[in-house]
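*Asks:* I'll drop the sequence and a predicted model, then ask my questions.
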Amino acid sequence: MAFQPIVDVADGSVFAYEALVRGADGSGAGAVLSRVTPENRFAFDQLCRRTAVEHAARLGVESRVSINFLPNAVYQPSLCLGTTLAAARRHAFPIERIMFEVTEGERIEDRPHLVGILNEYKRQGFITAIDDFGAGHSGLNLLAEFQPDVIKLDMELIRGLDHDRARQAIVASVVRMARELDIELIAEGIETEGEFRRLQEMGVRLMQGYLLARPGFETLPAVALPVAAHAVGVA
């Protein structure tokens, strides 16, 4: 696992560390996921959950740990959580600090099943998040059926935000919507100071991206806020 911080830019604190799968040789997530098949998907999903919790505990994560899961690998939500709960107990990692992210970009074969999964996770005390919001196949329809604790804006909506009126209008709408629904909003994929400043001006506090910190392989990387990051107030 590699870990990338999600930063509260109001004070530079870490809101969460996202656990990102890596190959034993250090290869990226794409290379690993390309070897996931319908036959090994469930075992892979369970192994990722367990490994993320184990590593987070070993590294002394004191904030949240965010784990991506494969909804098409989950058959019975309460049973599939057994591995995560066992790992959390074994390593004394509080479950209320575990956030499960489902990517909106993955084609969901059964949306009512996904809503059932997310409802069960929330009922059990986990934080729920929709990743890559605005990129995929569900979008607003999924949000109408289930309101997660967190929405992560897709990085393609962030790219060039500071000089793109269309992206600014879309992001501003999502910021307002999240606020009205009491959902935390994370902007991911921040790579330039221009994107960072524009998001600050729009009231976005939680950010993730190479500008702030690159993923650290089995380590917790340091956060580097742009100079004078506090010059612009955030809501």
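*Replies:* Received, thanks.

*Asks:* going forward, measure contacts between C-alpha atoms and count neighbours the same way
*Replies:* OK.

*Asks:* just for this protein, where's the confidence low?
*Replies:* Counting by pLDDT under 70, the low-confidence segments of the chain come to 104-109, 136-138, 228-235.

*Asks:* look through it and tell me its longest helix.
*Replies:* Residue-count comparison of every helix in the chain, with assignments taken from DSSP state H, identifies helix 41-58 as the longest.

*Asks:* for the next helix or strand after that helix, packing partners?
*Replies:* Past helix 41-58, further along toward the C-terminus, the next helix or strand under DSSP states H and E is strand 64-68. In this structure, strand 64-68 makes packing contacts with strand 13-20, helix 41-58, strand 98-103, judged by 3 or more C-alpha pairs under 8 Å, 6 or more residues apart in numbering; DSSP states H and E.

*Asks:* direction included, what does strand 64-68 pair up with?
*Replies:* Applying DSSP bridges to the sheet, strand 64-68 is found paired with strand 13-20 (parallel), strand 98-103 (parallel).

*Asks:* now do that strand against helix 41-58, angle only.
*Replies:* Angular relation of strand 64-68 and helix 41-58 on a 0 to 180 degree scale: 160 degrees, by axes from the mean of the first three to the mean of the last three C-alpha atoms, to 10 degrees.

*Asks:* ok, and what's touching strand 64-68?
*Replies:* Strand 64-68 is contacted from outside by 15-20, 49, 52-53, 56, 97-103, using C-alpha atoms under 8 Å, 6 or more residues apart in numbering.
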